[in-house]
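Asks: The following comprises the amino acid sequence and a computationally predicted model.
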Amino acid sequence: LMVVGALGVLRSWRLAALLMCVIMFFDVAGMFVVPELSNPRSGQVDTRLVGFLQDNLGTNRFYTFGPISPNYGSYFGIASINVNDVPVPKIWARYISSHLDTNTFPLEFTGYVRADAEGPTAVQEFRKHIDNYAWVGVKYVVTASNPDVAALAPRGRLNLVFNDGFFDVFELKGTVPFFQAPQGHCAIRWSSWNTATVRCDRATQIVRRELFMPGWSASVNGSQAAIGEYDGLFESVSVPAGKSTLSFHYAPQHEILGLGALGLGVLALGGEGFVWWRSGRRGRLGARRDRLAAMNR
């Protein structure tokens, strides 16, 4: 209506568009910029909870019933099993629905969203499947302060290790380590997600609790090694007897094709801009010649 009205008054698309831009500028300034002036001038972000997890989590993971929203684990560099994202790897979505919380949506594994409001709560599902949480590497459980610990887990499975008056962090007993030799006979040392040193009495299988998915590659003692699927979820590699150094690397599938497509897109956009500039330049030169020709008549 505003555009139609402006056209009726100005009788020019260009002037109408300019008027709309001016109106939109003042509308944005009034509705969004000015209210921002009421925000606090200064403040201090309380990161004690995050700092505790950063200092103590290592290569384990945490599960939260809400205090730390999903995906903020990536922002703060602390590994969370909670999810609120699209897409979610199919094997992880299946595992959530069948082994961790049967009454939630795999895309919204937040610790509180329920598929059936009348069904089991997140706390009930956690208690029921607590061994599976430990199996996927959950070391800490984050809750609001003063939860009903008896309802949350069997006695002795959770120990309070952090409380700041707002949030509690419980350590889960029985957490399975990130690198593991399920058949034993190995000493494993690691300080990062992607490298480990193992010393085994005999040839065996080493499990790495990273999702089995295309794009991962592994080497054992510098030689390329095949990555197997462990229990339908994690990665595994075979190592010989003695000392071995494991290294893992991730690169998205079809990365080269993606970079090539990006390059073609940039060239296409650049070419379109060049054609637009050339055609405009020709138009300006033609108009100038026409004016000069008119003046010389």
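Replies: Yep, that arrived.

Asks: any idea how far Arg199 is from Asp101?
Replies: To Arg199, Asp101 is 38 Å away according to C-beta to C-beta, to the nearest Å. Placement of C-beta: from N, CA and C, glycine included.

Asks: OK, contacts around Gly66?
Replies: Applying C-beta atoms under 8 Å, 6 or more residues apart in numbering to Gly66 gives the contacts Thr110, Gly111, Tyr112, Thr143, Ala144.

Asks: Count the neighbours of Val45 for me.
Replies: Neighbours of Val45 under the rule other C-beta atoms under 10 Å: 5.

Asks: next one: Thr175
Replies: Quick note: Thr175 (other C-beta under 10 Å) scores 17 neighbours.

Asks: Hmm, it is touching Val136, no?
Replies: No: Thr175 is beyond contact range of Val136, at 9.2 Å (criterion: C-beta atoms under 8 Å).

Asks: which residues in the stretch 101-250 of the chain form helices?
Replies: Under the criterion DSSP state H, counting those that start in this stretch, helices of the stretch 101-250 of the chain are mapped to 122-128, 130-135, 149-152.

Asks: List the residues that contact the residue lying closest to Gln124 once chain neighbours are set aside.
Replies: Once flanking residues are discounted, Gln124 sits nearest to Ala151: 7.9 Å by C-beta to C-beta, 6 or more residues apart in numbering. Counting by C-beta under 8 Å, 6+ apart, Ala151 touches Val123, Gln124, Arg127.

Asks: Report the contact partners of the nearest residue to the last one once chain neighbours are set aside.
Replies: It stands for Arg127. Using C-beta to C-beta, 6+ apart and skipping residues adjacent in sequence, the residue nearest Arg127 is Ala153, 5.8 Å away. Applying C-beta under 8 Å, 6+ apart, we find Ala153 in contact with Phe126, Arg127, Ile130, Val141, Phe170, Leu172.

Asks: Which among the contacts of Gly66 count as buried?
Replies: Thr110, Gly111, Thr143 (16 or more other C-beta atoms under 10 Å).

Asks: Next one: the second one from Val138, what distance?
Replies: Same thing as Gly111. Here Gly111 is placed at a distance of 12 Å from Val138 (C-beta to C-beta).

Asks: For the stretch 151-297 of the chain, which segments are assigned as strands?
Replies: Applying DSSP state E, counting those that start in this stretch to the stretch 151-297 of the chain gives strands spanning 158-163, 167-172, 179-180, 186-189, 195-200, 204-211, 216-220, 223-225, 228-230, 234-239, 242-250.

Asks: Which residues does the shortest one contact?
Replies: Counting by C-beta under 8 Å, 6+ apart, the neighbours of strand 179-180 from elsewhere in the structure are Thr59, Ile188, Trp190, Ala196, Val198, Ile206, Val207, Arg208, Arg209, Leu246.

Asks: same thing with stretch 72-87?
Replies: Residues outside stretch 72-87 that contact it (C-beta under 8 Å, 6+ apart): 50, 53-54, 57, 59-64, 68-71, 92, 96, 100, 106-111, 133, 136, 138.

Asks: still on that earlier bit, can you redo the contacts of Ala153 as CSV with distance to Gln183, neighbour count and pLDDT?
Replies: Compiled in CSV, the contacts of Ala153 are given as follows (distance: C-beta to C-beta, whole Å; neighbours: other C-beta atoms under 10 Å; pLDDT from 0 to 100):
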residue, distance to Gln183, neighbour count, pLDDT
Phe126, 29, 23, 97
Arg127, 30, 17, 97
Ile130, 24, 21, 98
Val141, 29, 24, 98
Phe170, 31, 23, 97
Leu172, 24, 22, 98
